[in-house]
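Chemist: what's the 3D shape of this:
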Amino acid sequence: MQNQTQDRDRQSDDDTGKDCVAQPPATSLPDAVWFILVGLVALIPGLVTQLMGGIHSASLWIALTGTVFVGAVAALTVLLMYFVLLRRDLRRSLAVAAALVLVCFTWNYWTLTGAVIAELVGIAAARDIAAVAVPVAIVWIAGRFGDRDWFAVAATGIVIGVILIIASAVAPKLVRAPGPPVAVANATFHPNTILLILDGYARGDVLVDDFDHEGRLLADELENRGFVVQEEAVTNYSITYASLASMMAMDYPFDEGSRGDEELAEMRALLSGVGPLVGGFREAGYTVVKSENAWGGSVCSSWVDECYRSGVIRTSLWAIGQLTPFAPIQRSFFGHPFTSVGLQQIRELPERIGGDPESPRMVISHVTVPHAPTQLDAACQMDPQRGGAGLHLVSPEDSEAMVDQARARYASQVECVDREVLASIDTLLEKDPDLAILIVADHGPDSRGQLELNHDQWSDAAMVERMSVLSAMRLPEWCDQDGPAVTTVNTIRKLASCSLGTDLEPLPERMFWAPREDDGTLPVIDISDRLRSILRKTGR
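Modeler: Numbering: from 1, shown residues only. Purely as a prediction, here's the structure:
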């Protein structure tokens with residue numbers, strides 16, 4: 001009798017214990033479906049970072065690194081849900097984790113949704129309310145119904161659909177147009193060659209007149225090292241993607257009015273290294289070396305022999321972080337990759353050149369400084385809050401005091417760049433005195449809010465500031481020592497002529513205004529006549 005009573009008590013305790021632990025519901029779907037859902041959600045942020053590059057090439061390494069990071073966050077979230085919050089309910093833990101990761105790493109899109117709702121209802125506060133309420137509702141649905149078969153099927157289907165939509169938007173950026181014919185080399189000796197592109201570096205007279213900076217400082221130091229500086233240098237295009245593509249093509253990839261799919265595909269190929277410049281150097285036996293940076297158009301193609309992916313982790317974590325609600329905190333405490341990676345590229349430049357004259361190297365390094373954000377002071381100390389995280393120096397609405405402050409920050413960042421460039425040049429020339437080097441900018445700064453205005457809204461001063469660039473070249477003594485041409489395209493042709501032993505004739509000098517990448521309906525405009533008129537009128 002006593003044994004029967006003890007058995008009943010033990011049975012009662014077992015039943016009570018079962019009631020305290022959530023039991024998975026009967027389901028026809030395996031647990032793997034919920035794991036697949038979490039895995040698919042982790043892919044979305046990595047793909048979204050590729051859309052942030054606008055019309056530029058997509059970086060597979062940025063996407064992969066970001067996806068790995070988000071996957072790790074998702075895994076930790078699943079463990080937290082499973083062991084701490086949801087009483088070891090696996091399916092609901094996976095569902096809630098997927099929802100949390102999705103809404104956290106696509107936060108920009110919820111705020112955009114809130115802005116649309118606020119505009120529709122005419123209540124400004126609706127922006128923030130909707131941006132929070134919609135993600136909260138998604139997470140609540142996942143917590144309430146995450147263990148149901150229909151939730152797993154519907155959620156997985158929706159996520160797959162989103163991935164296909166994003167992938168279809170990213171895929172065109174991966175298309176590589178066939179490269180134009182390469183240059184023919186016939187020289188018996190080819191010098192190591194460096195093309196250093198300093199993004200947004202103004203011409204000396206612009207630095208003096210507009211930025212109260214000793215604009216001749218770098219030019220004088222470079223001339224002391226055998227460089228020839230072009231005092232009247234101008235770029236052929238007003239914005240990076242078009243200007244760099246023209247350098248790689250040694251020609252004009254965009255004509256007036258053109259910016260269709262064919263031209264954009266060719267541009268992406270050129271930016272990645274497919275085309276006449278890289279092809280010509282490879283044909284001559286050069287090892288072509290290229291550095292990727294924090295800009296979306298810097299991706300390397302298979303035409304490049306050595307690719308240095310500077311700051312991949314830093315850039316990826318920045319891009320991923322900017323998709324989350326923690327973006328303002330990130331911007332306050334961490335330097336923008338444009339600035340930090342750009343500085344790293346300058347310092348690493350001497351490592352890209354070898355000492356074997358039988359194995360010449362062509363190094364292409366597009367450096368994203370002194371371009372905004374201006375987070376470096378003259379001593380190259382990083383302060384994330386000094387210049388913010390914006391990629392424009394000013395907006396047209398900024399006050400005169402704000403513009404003066406932005407110009408002063410730009411001038412001090414230029415001083416930092418000057419110091420680092422000269423240090424790298426000295427090391428390079430010590431390693432190889434016969435080095436061929438071109439230091440050039442893709443365009444000038446934008447202290448008059450140029451990037452937010454159409455070309456017909458640019459003042460004469462805005463036109464000169466944006467189109468006037470640094471251009472300094474040092475060639476071996478057996479080459480033509482006339483120095484750079486007036487425009488960047490013809491300067492690149494002179495550099496290639498020296499290194500490859502060819503005689504590339506200069507092209508007619510044409511200058512274009514190209515719209516920002518997100519202004520897809522605006523055409524390219526030929527501003528050659530207007531710019532020449534302004535330069536004649538101002539004596540520049």
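Chemist: C-alpha from now on. contacts and neighbour counts both.
Modeler: Will do.
Chemist: Downstream of the biggest helix by length in the chain, the next helix or strand is which one?
Modeler: As assigned by DSSP state H, the longest helix anywhere in the chain is helix 400-431. Next in sequence after helix 400-431, counting helices and strands by DSSP states H and E, comes strand 436-440.
Chemist: Just checking: what are the partner strands of that next one?
Modeler: strand 193-198 (parallel), strand 471-474 (antiparallel) (DSSP bridges).
Chemist: could you give the angle of it to helix 400-431?
Modeler: Relative orientation of strand 436-440 and helix 400-431, computed by axes from the mean of the first three to the mean of the last three Cα atoms, to 10 degrees: 180 degrees.
Chemist: who does the following helix or strand past strand 436-440 touch, helix- and strand-wise?
Modeler: In the C-terminal direction, the helix or strand that comes right after strand 436-440 (DSSP H and E) is helix 460-467. Judged by 3 or more Cα pairs under 8 Å, 6 or more residues apart in numbering; DSSP states H and E, the packing partners of helix 460-467 are helix 528-538.
Chemist: re earlier: deepest of the strands paired with strand 436-440, which one?
Modeler: strand 471-474 (a mean of 28; mean count of other Cα atoms under 10 Å).
Chemist: Now do the phi/psi pair for Val234.
Modeler: Dihedral pair for Val234: phi -140, psi 150, per degrees, to the nearest 10.
Chemist: Same question for the one 4 residues further on.
Modeler: When read as degrees, to the nearest 10, the backbone of Ser238 gives phi -80, psi 0.
Chemist: What count of nearby residues applies to the residue nearest to it when sequence neighbours are not counted?
Modeler: Leaving aside its sequence neighbours, Ser238 sits nearest to Trp513 (Cα to Cα, 6 or more residues apart in numbering; 5.2 Å). The local packing of Trp513 (other Cα atoms under 10 Å) involves 23 other residues.
Chemist: Make sure Trp513 is actually in contact with Thr240.
Modeler: No. Look at Trp513 against Thr240 with Cα atoms under 8 Å: they stay out of range, at 11.1 Å.
Chemist: Centre-most residue in this structure?
Modeler: For the chain, the residue sitting closest to the mean C-alpha position, by Cα atoms, centre = their mean, is Trp295 at 1.9 Å.
Chemist: residues touching that one, list them.
Modeler: Gly53, Phe338, Thr368 (Cα atoms under 8 Å, 6 or more residues apart in numbering).
Chemist: okay, it: pLDDT?
Modeler: Note on Trp295: pLDDT of 92.
Chemist: same question, Asp13
Modeler: 51.
Chemist: my read: Glu306 touches Lys290, true?
Modeler: Yes. Between Glu306 and Lys290 a contact is recorded at 6.4 Å, counting by Cα under 8 Å.
Chemist: Quick one: low-confidence residue ranges for the stretch 151-300 of the chain.
Modeler: Low-confidence segments of the stretch 151-300 of the chain (pLDDT under 70): 174-188, 215-216.
Chemist: re the thing from before, mind checking which of the contacts of Trp295 land in helices?
Modeler: Those of the contacts of Trp295 lying in helices (DSSP H): Phe338.
Chemist: now the contacts of Trp295 in JSON lines, with distance to Ile425 and neighbour count?
Modeler: Output for the contacts of Trp295, formatted as JSON lines (distance: Cα to Cα, whole Å; neighbours: other Cα atoms under 10 Å):
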{"residue": "Gly53", "distance to Ile425": "31", "neighbour count": "18"}
{"residue": "Phe338", "distance to Ile425": "21", "neighbour count": "25"}
{"residue": "Thr368", "distance to Ile425": "18", "neighbour count": "25"}
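Chemist: Among the contacts of Trp295, which one sits closest to Gly260?
Modeler: When the contacts of Trp295 are compared for distance to Gly260 (Cα to Cα), Gly53 wins out at 17.4 Å.
Chemist: Show me where this structure has its strands.
Modeler: For the chain, strands defined by DSSP state E occupy the ranges 193-198, 228-229, 287-292, 306-309, 361-367, 436-440, 471-474, 512-513, 525-526.
Chemist: what domains does the record give for this protein?
Modeler: 26-173, 192-538 (automatic domain parsing).
Chemist: Just name the most buried of these.
Modeler: Buried most deeply of the domains of the chain, by mean count of other Cα under 10 Å, is domain 192-538, with a mean of 20.
Chemist: Quick one: end-to-end distance for it.
Modeler: End-to-end distance of domain 192-538 (Cα to Cα, to the nearest Å): 39 Å.
Chemist: where does Gly390 fall, phi/psi-wise?
Modeler: Per degrees, to the nearest 10, the backbone of Gly390 is at phi -80, psi 150.
Chemist: where does it land on pLDDT?
Modeler: We have a pLDDT of 90 for Gly390.
Chemist: pLDDT weak spots in the protein?
Modeler: In the chain (pLDDT under 70), the answer is 1-27, 174-188, 215-216, 357.
Chemist: what's the spacing between Leu218 and Ser359?
Modeler: 31 Å.
Chemist: How about Val417?
Modeler: Counting by Cα to Cα, the gap from Val417 to Ser359 is 30 Å.
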